[in-house]
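Asks: sequence plus the predicted model coming up.
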Amino acid sequence: TFVVGREQQKVFAHRCVLACRCQAFQGMLGQGLAGSEDTAGSVPPQGPFILGNVQPEVFLAVIEFLYTNSVTLNSHIALEVLTSSVEYGLQDLCKLCIKFIKDTLSVEQVCEALQVSVTPVGSQRVKNNL
């Protein structure tokens, strides 16, 4: 269970799917095991995991990608999903976001896209692909 955004929306997902598809989630979901003995019966904590700085729609897009290897984007969330994809190390999602942004970039979005491209998290990867 994740509690996402200011709205504190609950998002449910399967730990095994997230951990298999994303190294960042594997680390997050396995934190409870770091100090314990590695036994076959050990179960990582159930959560909830609080993600207050991510919009629910953005997080749901990341979850959609992890489950389906595709994503439904719109111009309101594409840049934030791109930022999350870089943060979580999801290169294939990053490529899908960049393609969507290239195909739909408008004058109104240029400044926001430029700002995302110069942020410290993954800025070089984003700038190289835009």
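Replies: The structure has been received and is ready for your questions.

Asks: what about the residue nearest the centre of the chain, which SS state?
Replies: What sits nearest the mean C-alpha location of the chain, by C-alpha atoms, centre = their mean, is S84, with 4.0 Å. Here S84 is helix, with the state taken from DSSP: H, G, I helix; E, B strand; the rest coil.

Asks: that one and V62 touch, don't they?
Replies: Yes: here S84 reaches V62: they are 5.3 Å apart, a contact under C-beta atoms under 8 Å. Placement of C-beta: from N, CA and C, glycine included.

Asks: joint contacts of those two?
Replies: Shared contacts of S84 and V62 (C-beta atoms under 8 Å, 6 or more residues apart in numbering): L90.

Asks: could you list the low-pLDDT ranges of the protein?
Replies: For the chain, residues meeting the criterion pLDDT under 70 lie at 31-47, 120-130.

Asks: and the one helix or strand M28 maps to, what does it pack onto?
Replies: Using DSSP states H and E, M28 sits in helix 23-29. Judged by 3 or more C-beta pairs under 8 Å, 6 or more residues apart in numbering; DSSP states H and E, helix 23-29 is in contact with helix 15-21.

Asks: please identify the buried residues of the helix it packs on?
Replies: For helix 15-21, burial by neighbour count (16 or more other C-beta atoms under 10 Å) applies to 15, 18-19, 21.

Asks: closest one of those to Y67?
Replies: R21 (8.1 Å; C-beta to C-beta).

Asks: who are the contact partners of the residue nearest to that closest one when sequence neighbours are not counted?
Replies: Nearest-residue entry for R21: L66, 4.5 Å, with adjacent residues in sequence omitted and distances by C-beta to C-beta, 6 or more residues apart in numbering. Counting by C-beta under 8 Å, 6+ apart, L66 makes contact with 13, 17-18, 21-22, 25, 90.
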